[in-house]
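Participant: Sharing a model that was predicted from the sequence below.
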Amino acid sequence: MSIKTQYVSLNIANGSSMLAYTAKPYTTSAGTPAIIVLQEAFGVNGHIRKVTERFAQEGYIAIAPELFHRTGPEKFEGSYDNFPAVMPHMQALTPEGLTADLQAAYQWLTQQPIDQDKIYSVGYCLGGRVSFLANAILPLKAGVSYYGGGVDQLADKAPDLHGRHLFFWGGKDQHIKPENIQNIIQAVENAGKDYVNVKFSYADHGFNCDERASYNEAASKEAWALTLAFLKNN
């Protein structure tokens, strides 16, 4: 499917602005689904832009907001071999700031020719946590979190989930402990919310990113197929 891409500037509730990378099919209609794509700790880099474009090629209007816009350049791209350099930007994120950013991205999507009842979120690493938050604060149809570090810290948001949530984890991931996964899944279950929990025993953290040493082609392809099926079924 032919797509078109561009950066757009979004107005944030506090009066500031944020760039976001967007991708959409050339032809859209009132039945077009939409998705918020949420970055890793390394910004809206080449990998995240490619993921955004892949969703557009599947028929979605997709938007990837620059979550580090308060502390970094307008277009932030960190290096996968220099995690300490991105830490200050991650640590500066606040629930209030993320909420404002997510609301701005959502508002932009609602102004596009889409099906207002088919808006989703997906996030990777840091974005996996933010995608869970998005599902709690926005009226999304469903959300997806790939190896969301720290998502268990949002366990109190589980009762607020609007749509079903799909979780992906790597069995070899040393960054996210099994008890962290158990805590968030138990919170969602206790809240009576629908979810799907998938662990690839043979995959590490960041398995979906082909720019990382931890990339696992099989897990990436299988997770992509599951993601598309999950979104379509919801």
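Facilitator: Structure's in. What do you need? Numbering: from 1, shown residues only.
Participant: So which residues of this protein form helices?
Facilitator: Taking DSSP state H as the criterion, the chain contains helices spanning 46-57, 83-91, 95-110, 126-137, 178-190, 217-233.
Participant: Take these and write them to CSV, including distance to Ser9 and mean pLDDT.
Facilitator: For glycine as for every other residue, the C-beta is placed from the backbone atoms N, C-alpha and C. Output for the helices of the chain, formatted as CSV (distance: least, CB to CB, whole Å; pLDDT from 0 to 100):
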stretch, distance to Ser9, mean pLDDT
helix 46-57, 17, 98
helix 83-91, 20, 95
helix 95-110, 10, 97
helix 126-137, 20, 98
helix 178-190, 34, 98
helix 217-233, 27, 98
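Participant: among these, which is nearest Asp152?
Facilitator: helix 178-190 (4.3 Å; CB to CB).
Participant: Give me the buried stretch members for that closest one, please.
Facilitator: Residues 180-181, 184-185, 187-188 are the ones in helix 178-190 that count as buried (16 or more other CB atoms under 10 Å).
Participant: Contacts for that helix, please.
Facilitator: Contacts of helix 178-190 with the rest of the structure, by CB atoms under 8 Å, 6 or more residues apart in numbering, involve 132, 151-152, 154-156, 158, 161, 165, 167, 169, 195, 197, 199.
Participant: Nearest the geometric middle of this protein, what residue?
Facilitator: Gly123 (1.9 Å; CA atoms, centre = their mean).
Participant: and it, what are its bridge partners?
Facilitator: Leu38, Ser145 (DSSP bridges).
Participant: my read: it touches Val44, true?
Facilitator: No. Using CB atoms under 8 Å, Gly123 is not in contact with Val44; the gap is 11.9 Å.
Participant: any idea how far Ala64 lies from Gln6?
Facilitator: 12 Å (CB to CB, to the nearest Å).
Participant: so what sits against both of those two?
Facilitator: 21-22.
Participant: hmm, which of the contacts of helix 178-190 are the buried ones?
Facilitator: Counted by 16+ other CB under 10 Å, the contacts of helix 178-190 give 132, 151-152, 154-155, 158, 161, 165, 167, 169, 195 as buried.
Participant: follow-up on the earlier one: can you pull the contacts of the residue nearest to the centre of the chain?
Facilitator: Gly123 touches 37-39, 129-132, 134, 144-146, 148, counting by CB under 8 Å, 6+ apart.
Participant: Show me which of those residues is closest to His89.
Facilitator: His89 has its nearest neighbour among these in Gln39, at 10.6 Å by CB to CB.
Participant: burial measure for that closest one, as a count.
Facilitator: 28 (other CB atoms under 10 Å).
Participant: what's the distance between it and Cys125?
Facilitator: Distance of Gln39 to Cys125, given as CB to CB: 8 Å.
Participant: Surely Phe68 is in contact with Phe76?
Facilitator: Yes. Assessed by CB under 8 Å, Phe68 is found in contact with Phe76 at 4.4 Å.
Participant: who touches both of these two?
Facilitator: Common neighbours of Phe68 and Phe76 (CB under 8 Å, 6+ apart) are 43, 89.
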